[in-house]
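**Q** quick one: sequence plus predicted model below, questions after.
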Amino acid sequence: MEPITTSTPSSTDYNLHSNVCFSIQEEKDISKVPTCDPIMSVDLKLHDHQSIKYKKKTKNLFVSILSCFGEDTCIQTPANDTLGSVVYDSNRVGASANDDFSNNTDAVVPDKYQVLLPPMMPITKGLKTLVIDLDETLVHAAFKPVPNPDVILEVEMDTGPLTFYVCKRPHLDEFLDYIHGKFEIVVFTASLAIYADKLLNIIDKKHVIQHRLFRDSCILYNGNYTKDLSVLGRDLKKTMIIDNSPHAYQFNPENAIPIGTWIKDRSDRQLIELIPLLDHLQKVTDVRTVLEERYSS
């Protein structure tokens, strides 16, 4: 199958509060810059967001479009990358009374009064809500060419075009066919919309996904982008999240369906192996009771 190739029109200038955030690595030797994959993965995963300064004249430019949660393996974002969010408030919905915020003054979240999703559409009324991560859960993308990419995606930046070579996780299409009409589907990614929205337009040809949430809907908490399900505007008894990163669901672990990180294993079957579980979760009153029992250690 020939890969799908697409490009975007030229963009206007982007700044810190737009959908593109430039992370400029000051290291002159590119071989010393950590990446998430030997094939120059574009998963510029985010930890200590204070570690990078913005210097546009720096020789080596890395555009932080995707997000990852590896162990000291990724390029960082700056402390003022709030993307329109506000300081985490312990009184907001989703905060636990046991949370210690004294050392987390740099954590940022969407507006505490914001509900991220609109009311359920008639076609999803009565269905449970399935939240799904994108990168390393459904797809993997890289800067350099990889064997047999499913999508070659061009994103036009103000510094010039960036090309992403995207591979779909095995059985992704089969998985999307299964969940179609059985759940309200939300893709919630810590990647930026300029990349993720365009990619989803390609891989979701049957319009399985009802809602898309991007980095500006995440909470930057302890250096990690976190997805707080309590601000979706959905009943948590009927909401679950599939994500390869425990950091992403650290506020709602009882709603989580963990999945392994996918890079390039073409024999992977984890998506379709979730189908029996999802089939069962459709029928239960509270998904948390099932998931806590299944995944508690």
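**A** Now that the structure is in, tell me what you want to look at.
**Q** need the longest helix for the protein.
**A** What stands out as the longest helix in the chain, according to DSSP state H, is helix 193-203.
**Q** any idea which helix or strand comes after that helix?
**A** Following helix 193-203 in sequence order, the next helix or strand is strand 211-213 (DSSP states H and E).
**Q** show the subsequent helix or strand relative to that following strand.
**A** Next helix or strand after strand 211-213 toward the C-terminus (DSSP H and E): strand 219-221.
**Q** and the helix or strand just after that following strand, what's buried?
**A** For strand 219-221, the following helix or strand on the C-terminal side (DSSP H and E) is strand 224-226. Buried residues in strand 224-226, counted by 16 or more other C-beta atoms under 10 Å: 224, 225, 226. The way it works is simple: take the backbone N, C-alpha and C, and place the C-beta from them, glycine included.
**Q** ok, strand 224-226: who's next to it in the sheet?
**A** strand 219-221 (antiparallel) (DSSP bridges).
**Q** one step back: any chance of the buried residues of strand 224-226 in a markdown table, with pLDDT and distance to residue 175 too?
**A** Shown next, in a markdown table, are the buried residues of strand 224-226 (pLDDT from 0 to 100; distance: C-beta to C-beta, whole Å):
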| residue | pLDDT | distance to residue 175 |
| --- | --- | --- |
| 224 | 93 | 26 |
| 225 | 95 | 24 |
| 226 | 96 | 24 |
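**Q** show me where this structure dips below the pLDDT cut-off.
**A** Along the chain, segments meeting pLDDT under 70 span 1-2, 4-64, 67-113, 297.
**Q** looking at it, which strand is longest?
**A** The strand that spans the most residues within the chain, counting by DSSP state E, is strand 160-168.
**Q** tilt between it and helix 193-203?
**A** Computed by axes from the mean of the first three to the mean of the last three C-alpha atoms, to 10 degrees, the angle separating strand 160-168 from helix 193-203 equals 40 degrees.
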